[in-house]
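Asker: Requesting a structural model of the entry that follows:
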Amino acid sequence: MTTIDRIQAVRSGLTTAGIDALLVTNLTNVRYLTGFSGTNGQVLVSASGAVFFTDPRYEGKAGDMVTGAEIAIYPARLTDLLGDRLKAQSIVRLGIEGSMTLTERDDLQSRLGLDLITTTGMVEELRRTKDASEIASIREAIRIGDEAFSWILDRLVPGAIERDIALELEVRMRKNGADGISFPPIIGSGPLSAHIHHSAGERTFEKGDLVLLDFGCTFAGYCSDLTRTVVLGGASDEQHELYALVLEAHNRGIEAVGPGVKGADVDKAARDVIDAAGYGDRFGHGLGHGVGLDIHEAPRLHRISEDTLASGDVVTVEPGVYIPGTGGVRIEDCVLVTDAGAEVLGSAPKDHLIEL
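Answerer: Okay, here's the model as predicted:
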């Protein structure tokens, strides 16, 4: 979809939401609707069209990037121009996004003196289904991440330090065309691989360690997310068995992905494998999440998810088993929901536990 199509889709939902206009302040949503990627911008979407607001620092950038909306530059604060725009269009019920802080809401309401109606997901739901251009950007981000994984394997040796590996991954991805990282790399070695969201630290790798690498990058604003687990030296029988279990759960999860399938059912397909092996209490997170302009977005693959998958969704499938004091295994791919089922978007090896 073009930005004009996206804005029109928001406009068509205003009446259903019970609002005269929507003020978009979430910067990811601003980018989705207009193409603007700076640090200050807002979009007013109403029946008459869309206006993009920003301050003088971004006048030139807005002119180069914004499409589908009129550009308005305010001298100091948004309300310098917004109030007059609302009055000119007789807008009384102004929708705001649920991500706005209470302080921001209170300040806006005091300056505008009209009703503010909190909305949820009006833009986020549009972002769920990716078009061909978005999928192409995600594919490229994934390709860059896959290449970085292959490259880093030679550097995963006893004596390496978690924090250094994280930095090397980031530099490698940036050199290969990434805009940046989609989140700080999770590099967990030895017993720290059992920490689900470990922050790469000063631990030095040792022979026999499981090393969990969870990282991604952005390309044209769109994210990738990859997790692989390897072992330094020959793996023990227990490590092989744990990896095989998580791989089986991973494969069953991917097989369950398809249009019309509930996110909770995809989670269950993978979780049942781990539960049956007696490790259910060691899989302490949801199976996956949507990926796009944000690293975590709709839909969710979780036991309590109420989402239903649709063609064009991109989700992660990432089961894991984490044994405190010993180590953990997680395997993750980004998966595109297609009319026929699912397509794994990456190519990083995973069919067996890599022994380095």
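
Asker: just the strands in the stretch 201-350 of the chain please.
Answerer: Counting by DSSP state E, counting those that start in this stretch, residue ranges of the strands within the stretch 201-350 of the chain are 210-215, 217-219, 222-223, 226-231, 288-290, 297-301, 314-317, 320-323, 327-330, 333-338, 341-344.

Asker: Let me know which of those strands is the nearest to Asp20.
Answerer: Closest of the strands of the stretch 201-350 of the chain to Asp20 is strand 297-301, at 25.8 Å (criterion: CB to CB). For every residue, glycine as well, the C-beta is placed using N, CA and C.

Asker: which residues in the stretch 101-250 of the chain form helices?
Answerer: Secondary structure of the stretch 101-250 of the chain (DSSP state H, counting those that start in this stretch): helices located at 102-112, 124-128, 132-152, 162-175, 237-256.

Asker: Make CSV from those helices and add mean pLDDT, distance to Val211 and mean neighbour count to it.
Answerer: Shown next, in CSV, are those (pLDDT from 0 to 100; distance: least, CB to CB, whole Å; neighbours: other CB atoms under 10 Å):
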stretch, mean pLDDT, distance to Val211, mean neighbour count
helix 102-112, 93, 42, 13
helix 124-128, 96, 33, 19
helix 132-152, 98, 10, 19
helix 162-175, 98, 8, 18
helix 237-256, 98, 11, 19
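
Asker: wait, which of those helices is closest to Arg6?
Answerer: Of all those, helix 124-128 comes closest under CB to CB, at 6.2 Å.

Asker: May I have the residues that are in contact with the residue nearest the centre of the chain?
Answerer: The residue lying closest to the centre of the chain (CA atoms, centre = their mean) is Ile295, at 1.5 Å. Contacts for Ile295 (CB atoms under 8 Å, 6 or more residues apart in numbering) come out as Ser182, Phe183, Gly216, Cys223, Asp225.

Asker: quick one, phi psi at the nearest residue to the second one once chain neighbours are set aside?
Answerer: Looking back up the chat, that one is Phe183. Nearest residue to Phe183, sequence neighbours excluded (CB to CB, 6 or more residues apart in numbering): Ile295, at 5.2 Å. Main-chain torsions, Ile295, degrees, to the nearest 10: phi -70, psi -30.

Asker: If Val45 is in a bridge, with which residues?
Answerer: Leu22, Ala50 (DSSP bridges).

Asker: Do you know the pLDDT at it?
Answerer: What the model reports as pLDDT for Val45 is 98.

Asker: and what of Asp115?
Answerer: Confidence at Asp115, expressed as pLDDT, is 82.

Asker: go on, Met1?
Answerer: According to the prediction, Met1 has pLDDT 87.

Asker: for it, what are its contacts?
Answerer: Neighbour list for Met1: Ala9, Asp131 [criterion: CB under 8 Å, 6+ apart].

Asker: Roughly how far does it sit from Arg127?
Answerer: With distances taken as CB to CB, to the nearest Å, Met1 is found 10 Å from Arg127.

Asker: go on, Asn176?
Answerer: 26 Å.

Asker: isn't Met65 right next to Thr34, touching?
Answerer: Yes. Assessed by CB atoms under 8 Å, Met65 is found in contact with Thr34 at 7.5 Å.

Asker: Neighbour count: the two, which is higher?
Answerer: Shown here are Met65 and Thr34; by other CB atoms under 10 Å, Thr34 has more neighbours (23 against 17).

Asker: Leaving out sequence neighbours, find the closest residue to His289.
Answerer: In space, His289 is closest to His296, 4.8 Å off (CB to CB, 6+ apart).

Asker: Run a quick neighbour tally on that neighbour.
Answerer: Neighbour count of His296, defined by other CB under 10 Å: 15.

Asker: Double-check it against His285; I have them as touching.
Answerer: No. The criterion here is CB under 8 Å, and His296 misses it with His285 at 11.6 Å.

Asker: So the residue lying farthest from the centre of the chain versus Ala21, what's the distance?
Answerer: Ranked by distance from the centre of the chain (CA atoms, centre = their mean), the top residue is Ala88, with 37.8 Å. Going from Ala88 to Ala21 by CB to CB gives 11 Å.

Asker: who touches both of the two?
Answerer: Counting by CB under 8 Å, 6+ apart, nothing touches both Ala88 and Ala21.

Asker: Quick check: Ala72 vs Thr2, distance?
Answerer: Taken as CB to CB, the span from Ala72 to Thr2 is 21 Å.

Asker: These two: who's more crowded?
Answerer: Set Ala72 next to Thr2 and count neighbours by other CB under 10 Å: Ala72 wins out with 17 against 12.

Asker: Could you give the number of residues near the residue found closest to Gln239 once you drop the neighbours it is linked to in the chain?
Answerer: With sequence-adjacent residues excluded and distances taken as CB to CB, 6+ apart, Gln239 is closest to Val231, at 5.6 Å. As a burial measure, Val231 scores 23 neighbours (other CB under 10 Å).

Asker: ok, now Gly177?
Answerer: Based on other CB under 10 Å, the number of other residues close to Gly177 is 14.

Asker: same check, this time on the one 5 residues further on
Answerer: By the criterion of other CB under 10 Å, Ser182 has 25 neighbours.

Asker: Tell me who's in contact with it.
Answerer: Taking CB under 8 Å, 6+ apart, one finds Ala141, Gly216, Cys217, Thr218, Cys223, Ser224, Asp225, Ile295 in contact with Ser182.
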